[in-house]
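J.: Below: sequence and its predicted model.
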Amino acid sequence: MSYEDLPALTIDVSDGVATVTIDHPPLNLMDAVLLPSLRAFVARVRDDADVRVIVFESADPEFFVAHGDMAYLTDPDALPAA
């Protein structure tokens, strides 16, 4: 299964473990780039027989995921679009 086209994520699958590195500078903001990438990853990995465990990590030692994009609160159409 290929995971190379997911912006803000780097995925390595080895020995049944998918290591998902969130790399969306500067804060790993949960926004219209990261959220669809995570959703696409979940949709693919559920059918990937090579993955038994998923480990999430951050490329930034200061932040895992800082917070959600505030546009999701101020713009009602932003979240469904993502």
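T.: Yep, it's here.
J.: Give the helix, strand or coil label for Val42.
T.: Put simply, Val42 is helix when judged by DSSP: H, G, I helix; E, B strand; the rest coil.
J.: Please enumerate the helices of the chain.
T.: For the chain, the helices defined by DSSP state H cover 34-45, 71-74, 78-81.
J.: isn't Leu6 right up against Arg39?
T.: No: Leu6 sits out of contact with Arg39 when judged by Cβ atoms under 8 Å, with a separation of 9.7 Å. No exception for glycine: its C-beta is placed from N, CA and C like everyone else's.
J.: what sits against the most centrally placed residue in the chain?
T.: The centroid of the chain falls nearest to Leu38 when counting by Cα atoms, centre = their mean (3.4 Å). Leu38 is in contact with Leu9, counting by Cβ atoms under 8 Å, 6 or more residues apart in numbering.
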